[in-house]
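Undergrad: Below: sequence and its predicted model.
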Amino acid sequence: MLAQALSIFGRYFWCALSEGARKVQILRDRFQEIGGKDDPEKRGLMLLREWLSPEQRAQFDANGHFDVIGCKTAKRYRICYGSGTNVHEIDNACRPIMGWCFVPLGYLVPGDVMLAQKIALETDEVAALAVANRFPVEITSRNDPNVPHFRPF
């Protein structure tokens, strides 16, 4: 009787243990899929991409930057990949007019900084620019003279 009870208990125990191990493996795979614990930059970019419109996402994938329309003035801003001096006000011909530097407090990966900048310009442009530092920009050519690259002075 005791042997039979131990056998049944052992069977349930091993079934539960293998089911738990299977669930842990699924969670581990999902966690790795979304960037894993050791790659906050990848997770930041994934979060940014979720918040971009389809047009902004396509622009970001192709060029490493995306355009945002300010909520108050309807000016166009280009947010380039980076954590500072990466916001440029652009004219209708996509030429930079002025650079703006504003970042959230604390250390954040570039994707998180860019998302904060996007939200700030789209929801409270005036307040974002009130705390921003302005800097002049110029167009420089790297490999292709037809592709503008922004470089702060």
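TA: Now that the structure is in, tell me what you want to look at.

Undergrad: For this structure, give me the ranges with low pLDDT.
TA: Low-confidence regions of the chain, defined here as pLDDT under 70, cover residues 1-3, 5-6, 9-25, 27-38, 139-153.

Undergrad: tell me the domain ranges of it?
TA: Using automatic domain parsing, the domains assigned to the chain come out as 1-33, 40-152.

Undergrad: Now render these as CSV, adding mean neighbour count.
TA: From N, CA and C alone the C-beta is placed, and that goes for glycine too. As requested, the domains of the chain are arranged in CSV below (neighbours: other Cβ atoms under 10 Å):
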stretch, mean neighbour count
domain 1-33, 10
domain 40-152, 15
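
Undergrad: Now H88: which helix or strand?
TA: Per DSSP states H and E, H88 falls inside strand 87-90.

Undergrad: Adjacent strands (with direction) for the helix or strand just after that strand?
TA: Counting by DSSP H and E, the next helix or strand C-terminal to strand 87-90 is strand 96-101. Note on strand 96-101: by DSSP bridges, its sheet partners are strand 87-90 (antiparallel), strand 133-135 (antiparallel).

Undergrad: coming back round to it: identify the residues contacting the strand holding H88?
TA: With contact meaning Cβ atoms under 8 Å, 6 or more residues apart in numbering, strand 87-90 is reached by 67, 75-80, 96-102, 117, 121, 132, 137, 150.

Undergrad: Can you pull the phi/psi pair for T85?
TA: Dihedral angles of T85 (phi, psi; degrees, to the nearest 10) stand at phi 50, psi 40.

Undergrad: What of V137?
TA: Per degrees, to the nearest 10, the backbone of V137 is at phi -130, psi 160.

Undergrad: Quickly list what it is bridged to.
TA: P152.

Undergrad: pretty sure it is in contact with M98, am I right?
TA: Yes. The pair V137 / M98 is scored as a contact, 6.9 Å apart, by Cβ atoms under 8 Å.
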